[in-house]
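*Asks:* got a predicted structure here, sequence first:
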Amino acid sequence: MRILIVDDETLARDRLRRMIESDGQHEVVGDVATGRAAVKVCEKLRPDLCLLDIRMPGMDGIETARHFMTQDEPPAVIFCTAYEEHAVQAFELQAVGYLLKPVRRHDLFRAFSNCARLNRMQMAAVKNIDTNRRTHLCARTYKGVELVNISDIRYLKADQKYVSVRHVDGEVIIDETLRELEDEFPDLFSRVHRNALVSTNHVQGLEKDSKGQIGVRMGNIEELVEVSRRHLPAIRKVLRRL
């Protein structure tokens, strides 16, 4: 198997690499320290298996695995954790591989023989044991996988089957719906139009454009986001709370 190692601890990555390479039957195609890097490397290298730490700063292992699921051929995932909590039982019941740190060689290779590719039923079980929501949205662009930090997003706009994500450094398209995003981040985004949500934390005020249409002024971007009459009272309430 071609294996990717993801762990924020250098010693843990090196230890896993040594154990895997000592067997001579598997290849470590890379090792990275963050979930963000893991998603991009996985898209490029297409490993068969990912050894994925759960508790990492920034994007944790649970969210990283969710982003793997957007890929055409997600890798098999064996979660690694130093904490024997209820998550372990959940993984076991749903046949999602896991290893407790410090990882032992015997357990590692036994997990290799039992691992299977992630499916949506398994990921549903993983989601249920983690209360943290996503910190990034994932888009597929001509550059490959692009991850956008939620805090960098200024507005989301629906365009037929897709949603345009306007962030401080540009714009990407994601295959999600406004309703799904509104339900997931109700405290972070406010609806200003049937086809638009704005980042509540970055709303600066209301302005009229050259045609007299009222729009929301957002921080760090030039364009206004159109506000419908129906949603004008709600966005005014948001402004009063700021």
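*Replies:* Now that the structure is in, tell me what you want to look at. Numbering: from 1, shown residues only.
*Asks:* for S151, phi and psi?
*Replies:* phi -70, psi -20 (degrees, to the nearest 10).
*Asks:* low-confidence ranges in this protein?
*Replies:* 84-96, 116-132 (pLDDT under 70).
*Asks:* enumerate every residue touching the residue nearest to I3 when sequence neighbours are not counted.
*Replies:* Among residues not flanking I3 along the chain, L49 sits closest, at 4.9 Å (Cβ to Cβ, 6 or more residues apart in numbering). For the C-beta atoms, the positions are set from N, CA and C on the backbone; glycine is no exception. By Cβ atoms under 8 Å, 6 or more residues apart in numbering, the contact list for L49 reads 1-4, 75-78, 112, 115.
*Asks:* of those, buried ones?
*Replies:* Buried members of the contacts of L49, counted by 16 or more other Cβ atoms under 10 Å: 3-4, 75-78, 112, 115.
*Asks:* got JSON lines for these, with distance to A12 and secondary structure too?
*Replies:* Shown next, in JSON lines, are the buried ones among the contacts of L49 (distance: Cβ to Cβ, whole Å; DSSP: H, G, I helix; E, B strand; the rest coil):
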{"residue": "I3", "distance to A12": "14", "secondary structure": "strand"}
{"residue": "L4", "distance to A12": "14", "secondary structure": "strand"}
{"residue": "P75", "distance to A12": "19", "secondary structure": "coil"}
{"residue": "A76", "distance to A12": "19", "secondary structure": "strand"}
{"residue": "V77", "distance to A12": "16", "secondary structure": "strand"}
{"residue": "I78", "distance to A12": "14", "secondary structure": "strand"}
{"residue": "F112", "distance to A12": "17", "secondary structure": "helix"}
{"residue": "C115", "distance to A12": "19", "secondary structure": "coil"}
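*Asks:* closest to Y98 out of these?
*Replies:* Nearest to Y98 among the buried ones among the contacts of L49 is I78, at 6.6 Å by Cβ to Cβ.
*Asks:* that closest one against L100, yeah?
*Replies:* No - the criterion here is Cβ atoms under 8 Å, and I78 misses it with L100 at 11.4 Å.
*Asks:* what's the neighbour count on the residue lying closest to L232 once chain neighbours are set aside?
*Replies:* Leaving aside its sequence neighbours, L232 sits nearest to I214 (Cβ to Cβ, 6+ apart; 6.6 Å). Here the count is done by other Cβ atoms under 10 Å, and I214 has 16 residues near it.
*Asks:* ok, I214 to E223 distance?
*Replies:* Going from I214 to E223 by Cβ to Cβ, to the nearest Å gives 14 Å.
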